[in-house]
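Enquirer: got a structure for you, letters missing:
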């Protein structure tokens with residue numbers, strides 16, 4: 001039975017791309033965030049801990065230097081840890097609920113019960129060790145990982161002090177929470193998936209506004225003008241971007257596509273002209289979830305009513321690459337396996353592929369299976385060897401190169417859309433781009 005999000009108006013959308021969506025006020029956002037977090041802790045975490053064989057998970061952070069996973073477990077009205085915050089998640093087994101304890105000066109709202117009395121036990125580490133000895137877990141997992149940054153949140157000082165305190169008083173050893181940490185970050189709950197498509201729809205709406213004559217005046221507007229319009233528009237919506245947007249263009253000239261420039265050093269602001277092929281990379285954050293989207297627009301010449309057929313064919317090639325790629329997602333397959341199979345199939349079909357897809361959720365470039373990088377098309381060691389799991393979300397990010405005789409050069413159609421992977425396969429959260437946005441020359 002799906003958890004319901006009762007009493008909350010999430011978004012109101014109109015067929016008009018310029019309608020103002022109804023984004024929740026901060027108080028209602030906070031209430032909803034806390035409901036989602038409580039649901040995840042109650043209904044999702046137990047199965048993940050048991051799947052990975054961890055019966056105690058300890059997360060430790062000091063104020064303003066938070067473990068990225070601990071931040072996902074703080075309530076909406078906690079913008080940081082307080083003093084030293086230690087969260088303990090213990091699975092007593094036998095189908096009993098996960099115990100949520102805070103070895104901290106304060107209870108963590110209603111999510112983690114306060115289990116340290118400083119007046120009775122002044123030493124916080126001794127209190128933590130005493131709790132561990134009482135619970136007698138088989139394993140105590142901490143967020144320490146060599147290869148996955150988001151699972152490596154414990155600082156050197158916290159690790160050293162905790163290890164010393166535990167070693168003096170208990171024979172219980174510490175293990176890495178790596179697989180559990182990744183599972184917590186990558187797995188989306190049913191409540192979250194009731195919300196996520198609305199965020200992606202909102203992103204599509206903003207992109208449509210930016211790629212219109214409402215924003216772009218050919219011959220006047222620059223690519224940077226569109227970028228800063230996006231930043232202002234997001235503020236108007238009372239939201240945030242998790243990265244600075246980019247807007248670039250390809251046109252009929254001698255300039256060739258450069259992967260390094262496209263992904264690291266963007267060209268300076270350029271005036272948008274008729275006949276240009278525009279590209280945007282844009283992402284939002286809302287209710288602790290993130291979007292990451294790339295689409296294209298064509299600037300019509302005065303005598304045109306549609307994009308040229310050769311550009312539409314290039315877009316169709318990129319759409320076909322998407323189809324090939326998502327069809328190869330299988331539970332248990334690694335990112336490197338999906339990458340290799342997909343690239344081989346695309347090349348056989350005459351497509352020149354580049355695939356660099358990443359998980360998305362609590363973070364834009366999130367934890368989980370890495371499916372290629374733009375500069376690692378042969379596979380990504382370690383991160384690319386991590387297997388796919390159901391109930392995970394991805395930014396399906398890739399490009400297909402097509403030679404355009406009319407321009408005497410190769411262009412890239414770079415697409416990125418959010419999708420969800422479960423038993424039914426890979427499904428886009430709000431469709432994908434199959435036609436260019438069209439901007440008139442006025």
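Expert: Okay, I see it. Because the structure is predicted, anything quoted here is derived from the model rather than measured.
Enquirer: give me the nearest residue to the residue nearest the centre of the chain, chain neighbours excluded.
Expert: For the chain, residue 360 is the residue whose C-alpha lies nearest the centre (C-alpha atoms, centre = their mean; 2.3 Å). With C-beta to C-beta, 6 or more residues apart in numbering as the criterion, residue 360 has its nearest non-adjacent residue at 4.8 Å, and that residue is residue 395. (Glycine included, C-beta is placed from N, CA and C.)
Enquirer: again with residue 386
Expert: Leaving aside its chain neighbours, residue 386 sits nearest to residue 369 (4.9 Å; criterion: C-beta to C-beta, 6+ apart).
Enquirer: in this structure, which helix or strand is least confident?
Expert: Lowest by mean pLDDT, DSSP states H and E among the helices and strands of the chain is helix 259-263, with a mean of 59.
Enquirer: next secondary structure after it?
Expert: For helix 259-263, the succeeding helix or strand toward the C-terminus, using DSSP states H and E, is strand 277-282.
Enquirer: I'd like the next helix or strand past that next one.
Expert: Following strand 277-282 in sequence, per DSSP H and E, is strand 284-286.
Enquirer: residues making contact with stretch 376-391?
Expert: 147-148, 182-183, 186-188, 329-336, 338-340, 343, 354-355, 368-373, 420-423 (C-beta atoms under 8 Å, 6 or more residues apart in numbering).
Enquirer: what subset of those is buried?
Expert: 148, 182-183, 186-188, 329, 333-336, 338-340, 343, 354-355, 368-373, 420-421 (16 or more other C-beta atoms under 10 Å).
Enquirer: keep only those of those residues that are in helices.
Expert: 182-183, 186, 335-336, 338-340, 343 (DSSP state H).
Enquirer: now, the most widely separated pair of those residues?
Expert: 183 and 343 (27.5 Å; C-beta to C-beta).
Enquirer: thinking again about what came up before, is the residue nearest to the centre of the chain in contact with residue 416, as I believe?
Expert: No - using C-beta atoms under 8 Å as the test, residue 360 is too far from residue 416 to be in contact (9.8 Å).
Enquirer: now for the closest residue in space to residue 106 that isn't next to it in sequence, how many residues are close by?
Expert: Nearest residue to residue 106, sequence neighbours excluded (C-beta to C-beta, 6+ apart): residue 82, at 5.8 Å. Using other C-beta atoms under 10 Å, the number of residues around residue 82 comes to 15.
Enquirer: spit out the contact partners of residue 82.
Expert: Counting by C-beta under 8 Å, 6+ apart, the residues that residue 82 touches are 63, 104-106.
Enquirer: likewise residue 199?
Expert: Residues near residue 199 by C-beta under 8 Å, 6+ apart: 284, 286-287, 289, 291.
Enquirer: ok, residue 41 - how many residues close by?
Expert: 18.
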